[in-house]
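Chemist: Output the structure for:
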Amino acid sequence: MTDMTTPASPDESLSSWLRLREPVDHASRSVRVLEATLAAVARLAADAPSVRVLDLATGAGSNLRYLIERLPAAQEWLVVDRSPVLLRHLLERTAAWGQARGYEAALSEGHLWLSGPSLQCDIRTCERDLTTLDGDNLFDGRHLVTASALLDLVSVSWLRNLAGRCRDAGAAALFTITYDGRTTSCPEEPEDALVLELFNRHQHTDKGLDGDAAGPDSAEAARRAFADAGFETCTDTSDWVLDASHPALQRELIAGWAHAAIETDPEQADVISPWLTRRLLHVKAGESAVRVGHQDLAAWLP
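Modeler: Residues are numbered from 1 along each chain as shown. The predicted structure follows:
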């Protein structure tokens, strides 16, 4: 019988990946960087009726859901992404998340209001390509500009423009789970170093955000960009540590490494394909452990 199932769209597949990684992203984030951010936001918003936050490339809202209960109670969020699918999922997931915590959730087109005794949060979505940050008032009046798992996809010039826009707005910045090129896998396989080298090369290719991506160099490039723009900075590691309790995430991650490596050097496909098979067998046997290096960055004006 013919399978009439409609294949998932790229954005639906991305949404599933974001849901899978969200708990690990949250567990991995640096407490030290978070505390530095909260202190900066408290100073900036001390006399404001609410904290005004801009979340760039928000995806399905993982960063939003991490920060909501850590920021001051009164909040206004503008969440930006190119994908209407992801923005719809963000509103739906965050409404369900809020209701599960006892908040009232009022959901309408492009807008969610969460309220409770300790939270008044107004969330508005903006469908926008982030190839350029120029030409509108996204940053105006913001106390905090934030993103998660974004900076390794953008160019150095994009990072410098970002730092300048944050400086002009007088906003603090928080950027988390930025891939830094470090990965170790256990048990080891002879091709691990080759796959990592090819994957890291792939991370430097143009991802559509103002030229070749900074990739594994982006955490340091971002720190320098904000320092050069006059910001004080705080950085810390936020590595993923995956073990037998994360089989689905490991499978997706390893398959992604293989795909990117083969795309970078197709002549290595005959080497990488058996590597992928062995790696997935380690996951199936509950023997696989993976550490993926990430960095968190906070920045604020003195």
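
Chemist: what's around residue 293, how many residues?
Modeler: Using other C-beta atoms under 10 Å, the number of residues around residue 293 comes to 17. (Each C-beta comes from the backbone N, C-alpha and C, glycine too.)

Chemist: swap that for residue 137, please
Modeler: 8.

Chemist: And for residue 210?
Modeler: Using other C-beta under 10 Å, residue 210 has 19 other residues around it.

Chemist: Can you check which strand is longest in the protein?
Modeler: Scanning the chain for the longest strand, with DSSP state E as the assignment, gives strand 172-186.

Chemist: Please name the strands paired to that strand in the sheet, noting orientation.
Modeler: Sheet partners assigned to strand 172-186 using DSSP bridges are listed as strand 144-148 (parallel), strand 289-300 (antiparallel).

Chemist: after the shortest one, next one along is what?
Modeler: Translated: strand 144-148. Next along the chain after strand 144-148, taking DSSP states H and E as the criterion, comes helix 156-169.

Chemist: returning to what we had before: averaged pLDDT, the longest strand of the chain. What do you get?
Modeler: On average, the pLDDT along strand 172-186 is 98.

Chemist: what does stretch 239-254 give?
Modeler: 98.

Chemist: list the buried ones in stretch 61-79?
Modeler: The neighbour-count check on stretch 61-79 (16 or more other C-beta atoms under 10 Å) flags 61-68, 71-72, 75-79 as buried.

Chemist: Actually, stretch 276-284.
Modeler: So for stretch 276-284, counting by 16+ other C-beta under 10 Å, buried means 276, 279-280, 282-283.

Chemist: Is it possible to get JSON lines of those that adds secondary structure, distance to residue 44 and pLDDT?
Modeler: Below are the buried residues of stretch 276-284 laid out as JSON lines (DSSP: H, G, I helix; E, B strand; the rest coil; distance: C-beta to C-beta, whole Å; pLDDT from 0 to 100):
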{"residue": "276", "secondary structure": "helix", "distance to residue 44": "47", "pLDDT": "98"}
{"residue": "279", "secondary structure": "helix", "distance to residue 44": "45", "pLDDT": "98"}
{"residue": "280", "secondary structure": "helix", "distance to residue 44": "47", "pLDDT": "98"}
{"residue": "282", "secondary structure": "helix", "distance to residue 44": "47", "pLDDT": "98"}
{"residue": "283", "secondary structure": "helix", "distance to residue 44": "44", "pLDDT": "98"}
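
Chemist: Can you redo those residues as JSON lines, where the extra columns are distance to residue 129?
Modeler: Below are the buried residues of stretch 276-284 laid out as JSON lines (distance: C-beta to C-beta, whole Å):
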{"residue": "276", "distance to residue 129": "33"}
{"residue": "279", "distance to residue 129": "35"}
{"residue": "280", "distance to residue 129": "35"}
{"residue": "282", "distance to residue 129": "39"}
{"residue": "283", "distance to residue 129": "36"}
